[in-house]
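Participant: Just a sequence and a predicted model for now, questions to come.
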Amino acid sequence: MKYGIYYAYWEHEWKGNFIPYVKKVKELGFDVLEVACGGFYLEDKETFKELKKAADDHGIILTGGYGPRPEHNLASEDKEAVDSTFAFYKDMFEKMEIAGIDRIGGALYSYWPVNFSAGFDKKADFERSVSGMQKLADMAADYNVTLCMESLNRFEGYLINTAEEDLEYVKAVDKPNVKCMLDTFHMNIEEDTFEDAIKTTGDLLGHFHVGEANRKPPYAEGRMPWESIGKALKEVNYNGYIVMEPFVLQGGQVGKDISIWRDISCGATEAQLDKAAADSVSYLRELWG
């Protein structure tokens, strides 16, 4: 397994310059840097050539994440909006390929965070989303991109909340480059056990996020059962990426979207954030091998 971290751990806004983080995460002991793809449309292709060069120079693997904005909701009843979404993703996939990013995860099947007051029809949304995802998967395949469907907790999404629903969706789409994605933060809210959820997705598990229940990086004194989670991953022969997605900083669009209403970092400096991340990846490597 390869171990990574999401760049937004250090940021208050989703759009940022990812290149400096390539060297940083390498020095902290990571193999993978996950970046936000939602702002790729704002950058020219040269930016992604530079990002790839930095990743190659430092031996870092890049992965992508996106919580679709409402206008990119594949489950929408607005056909015109869905059609325009494909153009958005085509540009994204082109730039992902240039940067060497071969997978993207998130609530790609819907939008995030969900506005529940707007109402929804889960069954109809599921069917529209599956149809749209089949088309999106074919487009992504042209750029060697795998799409990972992240199951979210009930407070952030409604279409896929559990590993069982995730598996149902992925099987309905029935495309080789569409996989399940689990995240321990969301699993802690929705699943009966972490182990059963992992085994439910089995060989269709394409990406795995880790974090404590309060969104800190994993650590030995936390309350997540990291040892048994690792055993379950080995039981399903998961050899993919383990990417921690900690969110501890208050403020900005990141803090707003993630609902960080207090400084979980307790005033940590950048150096202290770096040390927590380095200690965390060292802990998981030692525990899981």
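Facilitator: Cool, the structure landed. Because the structure is predicted, anything quoted here is derived from the model rather than measured. Numbering: from 1, shown residues only.

Participant: quick one, phi psi at the residue lying farthest from the centre of the chain?
Facilitator: Relative to the mean C-alpha coordinate of the chain, counting by Cα atoms, centre = their mean, the farthest residue is residue 80 (26.8 Å). Per-residue torsions, residue 80: phi -60, psi -40 (degrees, to the nearest 10).

Participant: For it, give its distance to residue 219.
Facilitator: 47 Å (Cβ to Cβ, to the nearest Å). For glycine as for every other residue, the C-beta is placed from the backbone atoms N, C-alpha and C.

Participant: Residue 83 now?
Facilitator: Taking Cβ to Cβ, one finds residue 83 at 45 Å from residue 219.

Participant: Show me which of those two is the more surrounded one.
Facilitator: residue 219 (14 against 11; other Cβ atoms under 10 Å).

Participant: pretty sure that one is in a strand, no?
Facilitator: No - counting by DSSP: H, G, I helix; E, B strand; the rest coil, residue 219 is not found in a strand; it is coil.

Participant: For the nearest residue to residue 162 once chain neighbours are set aside, give its distance to residue 165.
Facilitator: Nearest non-adjacent residue to residue 162, counting by Cβ to Cβ, 6 or more residues apart in numbering: residue 190, 5.2 Å away. According to Cβ to Cβ, residue 190 stands 9 Å off from residue 165.

Participant: Report the set of residues contacting both of those two.
Facilitator: residue 151 (Cβ atoms under 8 Å, 6 or more residues apart in numbering).

Participant: show me where pLDDT drops low in the stretch 1-150 of the chain?
Facilitator: Applying pLDDT under 70 to the stretch 1-150 of the chain picks out no residues at all.

Participant: those helices in it, which residues are they?
Facilitator: Ranges of helices within the stretch 1-150 of the chain are 19-28, 45-58, 79-99, 122-141, based on DSSP state H, counting those that start in this stretch.

Participant: give me the element residue 243 is part of.
Facilitator: strand 241-244 (DSSP states H and E).

Participant: need the contact list for the residue lying closest to residue 126 once chain neighbours are set aside.
Facilitator: Distances taken as Cβ to Cβ, 6+ apart place residue 159 nearest to residue 126, at 6.2 Å, with adjacent residues excluded. If you count contacts by Cβ under 8 Å, 6+ apart, residue 159 has them with 75, 107, 109, 110, 122, 125, 126, 129, 165, 169.

Participant: how about residue 159, phi and psi?
Facilitator: According to degrees, to the nearest 10, residue 159 has phi -80, psi -40.

Participant: Likewise for the one 5 residues further on?
Facilitator: Main-chain dihedrals, residue 164, degrees, to the nearest 10: phi -60, psi -40.

Participant: residues contacting it?
Facilitator: residue 200.

Participant: still on that earlier bit, output the helices of the stretch 1-150 of the chain in CSV; the columns should cover distance to residue 196.
Facilitator: CSV is the format used below for these (distance: least, Cβ to Cβ, whole Å):
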stretch, distance to residue 196
helix 19-28, 32
helix 45-58, 35
helix 79-99, 33
helix 122-141, 23
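
Participant: so which of those helices gets nearest residue 263?
Facilitator: Taking Cβ to Cβ, helix 19-28 is the member of these nearest to residue 263, at 21.4 Å.

Participant: orientation of that closest one relative to helix 45-58 in degrees?
Facilitator: 10 degrees (axes from the mean of the first three to the mean of the last three Cα atoms, to 10 degrees).

Participant: Helix 19-28: which residues count as buried?
Facilitator: 21, 22, 24, 25, 26, 28 (16 or more other Cβ atoms under 10 Å).

Participant: any idea how far residue 27 is from the closest residue to the fifth one other than its chain neighbours?
Facilitator: With Cβ to Cβ, 6+ apart as the measure, residue 58 is the residue that lies nearest to residue 26, at 4.4 Å, once sequence neighbours are left out. Summarising the geometry, the distance separating residue 58 from residue 27, computed by Cβ to Cβ, is 9 Å.

Participant: And residue 38, by the same measure?
Facilitator: Applying Cβ to Cβ to residue 38 and residue 27 gives a distance of 27 Å.

Participant: same question, residue 54
Facilitator: Relative to residue 27, and taking Cβ to Cβ, residue 54 is found at 13 Å.

Participant: what about the residue nearest to residue 26, neighbour count?
Facilitator: Neighbour number of residue 58 under other Cβ under 10 Å is 14.
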